[in-house]
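S.K.: predicted model and sequence follow; I will ask about them next.
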Amino acid sequence: GKKSLRQKAVDELKHYYNGFHLLWTDTKVAARMVWRLLHGQVLTRRERRRLLRTCADLFRLVPFLVFVIVPFMEFLLPVFLKIFPEMLPSTFETESKREEKLKKKLNARLELAKFLRETIAEMAKRNKADTG
């Protein structure tokens, strides 16, 4: 059913609380990784990607905090998110946004695979014509 305005506000507050909590956890893990790097250890590919994502999230947090700190600026947040969809840190993404990104990525991969398949088929025809 429909949610009341109060329930929507509570859900938004929970969403932001969970986002900040996840970002804090990611930051602690990233700090440990940086500590390991400074002491000569090598990071795995997955750890390196996580460290880069966390650093990017921390840089994205600066403009996001302006919306949280300045009074009534949060009403402009949806407008800015429409203009700059990657503005929010990754820990603040909703499940639907995550699924939408995955769908776009999958469609792009399918288009690339189709293009490569057609290119290979065309090259095979040329080679067959040259040798035949």
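M.R.: Arrived safely, thanks for sending.
S.K.: center of this structure, which residue is that?
M.R.: When the chain is reduced to its mean C-alpha position, the closest residue under C-alpha atoms, centre = their mean turns out to be residue 90, at 4.7 Å.
S.K.: how close does the closest residue to that residue other than its chain neighbours sit to residue 87?
M.R.: Nearest residue to residue 90 in three dimensions, chain neighbours excluded: residue 57, at 5.5 Å (C-beta to C-beta, 6 or more residues apart in numbering). The C-beta positions use only the backbone N, C-alpha and C, and glycine is treated the same way. When C-beta to C-beta, to the nearest Å is the yardstick, residue 57 and residue 87 sit 11 Å from each other.
S.K.: next one: residue 38
M.R.: When C-beta to C-beta is the yardstick, residue 38 and residue 87 sit 30 Å from each other.
S.K.: tell me which residues touch residue 66, please.
M.R.: For residue 66, the residues meeting the contact criterion (C-beta atoms under 8 Å, 6 or more residues apart in numbering) are residue 73.
S.K.: quick one, longest helix in this protein?
M.R.: Among the elements of type helix in the chain, defined by DSSP state H, the one spanning the most residues is helix 95-131.
S.K.: tell me the mean pLDDT over that helix?
M.R.: Taken as a whole, helix 95-131 has a mean pLDDT of 89.
S.K.: mind listing what's buried in that helix?
M.R.: For helix 95-131, a neighbour-count test (16 or more other C-beta atoms under 10 Å) marks nothing as buried.
S.K.: that'll do, ta.
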